[in-house]
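What shape does this take:
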Amino acid sequence: MSKEIQWGVYHGEGNIVCTCDNCGYEHEVDFDGGAPDFREAQAEIRSMGWQSIKIDGEWYDFCCEKCRNDYIKNNS
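Residues are numbered from 1 along each chain as shown. The predicted structure is shown next:
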């Protein structure tokens, strides 16, 4: 999975950084409620057209259908 937490200066705030596993494009989802909410982040990127799929037992994130298809084509 291509999501990591970047903690902010203050306790309980930061970003979940979602990275496309094909092109490297990043989208940041802010949080400030104490703990990062990966479900909220997933819902936000999905609404933007991102796709998360499981390939050979591992989760991957792609910013668009073209990136998903290119990754599968080049890594199968």
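
how about the helices in the chain?
38-47, 65-74 (DSSP state H).

buried stuff in the first one?
By neighbour count, with 16 or more other CB atoms under 10 Å as the criterion, the buried positions of helix 38-47 are 41-42, 44-45. Yep, even glycine has a C-beta here, placed from its N, CA and C like the rest.

just the last one next, same as before
Within helix 65-74, the residues that qualify as buried are 67-68, 71, counting by 16+ other CB under 10 Å.

Show residues contacting that helix.
Residues from elsewhere that reach helix 65-74 (CB atoms under 8 Å, 6 or more residues apart in numbering): 20-23, 25, 49, 51, 53, 55, 60, 62.

neighbours of I5, just the number please.
14 (other CB atoms under 10 Å).

List the beta-bridge partners for it.
I16 (DSSP bridges).

For this protein, give me the ranges with low pLDDT.
1 (pLDDT under 70).

ok, now how distant is the closest residue to Q42 other than its chain neighbours from H11?
Closest residue in space to Q42, ignoring its immediate chain neighbours: S52 at 6.8 Å, by CB to CB, 6 or more residues apart in numbering. Per CB to CB, to the nearest Å, S52 is found 29 Å from H11.

And for S2?
Relative to H11, and taking CB to CB, S2 is found at 26 Å.

Next: G33.
G33 is 11 Å from H11, by CB to CB.

now P36
Per CB to CB, P36 is found 13 Å from H11.
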